[in-house]
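Q: Can you look at this prediction? I've put the sequence above it.
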Amino acid sequence: MRFRLSCRPRPAPLMVLPIYAYGQPILRQRAAEIEADSPDLQTLIDDMIETMGVAHGAGLAAPQVGHSLRLFVADLTTYADDLADEEGNVPDYATGPLVFINPEIVLDEDGPEVEVEEGCLSIPDLRETVWRPDALTIRFLDRHFVSHEWPVDGPLARVIQHEADHLDGVLYLDYLSPLRRKFLGRRLKAIARGDVEADYPLAFAT
Ligand code: ZN
């Protein structure tokens, strides 16, 4: 009896990537559009989803893991109960990780603005109230480069606005009053020099 061995390529093991902390120059750069045949893109997406999960984040943008690319991932599963309808049906987007490539956003500037406490995996241990529009339309490519256009509101709209800002070098801190930012100055300097603790790996500028 003879055995025939068949080998199939194993998927690369997932990696938890260090998250670039406040003070890293890449967090202030405008990220580049992604081409459909970008090498290693699928691996980067999988690693970002893994990293977001380990860090318990609702979103993570590629610049936060050292890649200046127009890509972010989101995970609304922790909001599933809040987003369920009266029969308990959870919207599809809150049942697993989402991938957004080359997003274009049109904010509903005529609609209401809402205040929400935001945090950022690149700025550990800090949460601040930020006002933003509650609704928007996003056009984007998914990980298979299929294009979509979604009208969204609520928590997903909030996560999308926060993460899309990362692709333009904008942080939620930029929406705070000058006085509030001044008040936070010392803490932000401490984060930039690595004087902060988090239960996920961080990469500091210095
Ligand atoms: Zn962030």
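A: Looks like it came in fine.

Q: okay, now residue 104: neighbour count?
A: Using other Cβ atoms under 10 Å, residue 104 has 11 other residues around it. C-beta: built from backbone N, CA, C; applies to glycine.

Q: Is the residue nearest to it when sequence neighbours are not counted part of a helix or strand, or is it coil?
A: Nearest residue to residue 104 in three dimensions, chain neighbours excluded: residue 139, at 4.6 Å (Cβ to Cβ, 6 or more residues apart in numbering). Using DSSP: H, G, I helix; E, B strand; the rest coil, the structure places residue 139 in strand.

Q: Repeat that for residue 56.
A: Under three-state DSSP, residue 56 comes out as coil.

Q: what stretches of this protein score poorly on pLDDT?
A: Within the chain, the stretches with pLDDT under 70 are 1-7, 9.

Q: Provide a list of residues in contact with the spatially most central residue of it.
A: Nearest residue to the geometric centre of the chain (Cα atoms, centre = their mean): residue 60, 2.3 Å. Going by Cβ atoms under 8 Å, 6 or more residues apart in numbering, residue 60 touches 19, 48, 51, 52, 72, 73, 74, 121, 163.

Q: repeat that for 7 Å
A: Shown in contact with residue 60 (Cβ atoms under 7 Å, 6 or more residues apart in numbering): 48, 51, 52, 72, 73, 121.
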